[in-house]
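Asker: after the sequence you'll find the predicted model.
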Amino acid sequence: GENVEQHPSTLSVQEGDSAVIKCTYSDSASNYFPWYKQELGKGPQLIIDIRSNVGEKKDQRIAVTLNKTAKHFSLHITETQPEDSAVYFCAASWGTLTFGKGTMLLVSP
Amino acid sequence: SAVISQKPSRDICQRGTSLTIQCQVDSQVTMMFWYRQQPGQSLTLIATANQGSEATYESGFVIDKFPISRPNLTFSTLTVSNMSPEDSSIYLCSVDGQGVNIQYFGAGTRLSVL
């Protein structure tokens, strides 16, 4: 089955800095790669996704890049704000979603 | 995206009892999913529930322990049976969105078993 590795497990940045979270997947058949943000006490919220026919996608301060050859994809957050502090999960899918272990992002004012 | 309501939001239960978690969505959806998220951990799929058919369970999860109902296109329940402290987790419901493989999640049910 699919296996998704996510790094780093924790990431601390200063407000205004950029943050990058990286994931690798094992199943070359995977063709959908979402990112979820989970705040304390809440369910995961879909923040951005990318499909295998696209190399990059942007939505305001967040972007995702995909390298199908290397089987890795990354989340980029620019101009981080304290409200970006949360746990971020990547996932890969060609049917059911397989999630990474999560990255706790802490943005300090 | 769909609005998903889960009840209860949290509960504390005694060992050996059962708890039924409800998931209600504001629009008709084909697939509903149930996940478990153990403390500080990632999400693990328990089963997929389609209306009118038996739920499909992932490896390591069985119907006797986690019976699921899906009576219509907007509602599903997950029962955690004969609970033990190891069942203490967040249980999350998700639904398929407008697009292949897209899923939206409810806020979850935080279960503690004493």
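Answerer: Yes, it's here. Because the structure is predicted, anything quoted here is derived from the model rather than measured.
Asker: who in chain B is up against chain A?
Answerer: Contact residues (CB under 8 Å from any CB of the partner chain) of chain B with chain A: B:1, B:4, B:6, B:33, B:41-45, B:48, B:58, B:92, B:97, B:100-108. For the C-beta atoms, the positions are set from N, CA and C on the backbone; glycine is no exception.
Asker: can you flag which of these belong to strands?
Answerer: The members of the residues of chain B next to chain A that map onto strands under DSSP state E are B:Ile4, B:Gln6, B:Phe33, B:Leu43, B:Thr44, B:Leu45, B:Thr48, B:Leu92, B:Gln103, B:Tyr104, B:Phe105.
Asker: what about the first one, how many neighbours?
Answerer: Around B:Ile4 sit 22 other residues, with neighbours defined as other CB atoms under 10 Å in any protein chain shown.
Asker: related to what we said a few turns ago, now the residues of chain B next to chain A: which count as buried?
Answerer: B:4, B:6, B:33, B:42-45, B:48, B:92, B:97, B:101-108 (16 or more other CB atoms under 10 Å in any protein chain shown).
Asker: quick one, helices of chain B?
Answerer: Assigned by DSSP state H, chain B shows no helices.
Asker: quick one: low-confidence ranges for it?
Answerer: Scanning chain B for pLDDT under 70 picks out nothing.
Asker: tell me where chain A is predicted with low confidence.
Answerer: Across chain A, nothing is flagged by pLDDT under 70.
Asker: near chain B, which residues of chain A?
Answerer: Looking at chain B, the residues of chain A close enough under CB under 8 Å from any CB are A:32, A:34, A:36, A:41-46, A:49, A:89, A:93-97, A:99-102.
Asker: those in strands, which ones?
Answerer: Using DSSP E, A:Tyr32, A:Pro34, A:Tyr36, A:Gln45, A:Leu46, A:Asp49, A:Phe89, A:Ser93, A:Leu97, A:Phe99 are the members of these that sit in strands.
Asker: returning to that earlier point: write the PyMOL selection for whichever of the residues of chain A next to chain B are buried.
Answerer: To isolate the buried ones among the residues of chain A next to chain B in PyMOL, judged by 16+ other CB under 10 Å, type:
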select buried, chain A and resi 32+34+36+43+44+46+49+89+93+94+96+97+99+100+101+102
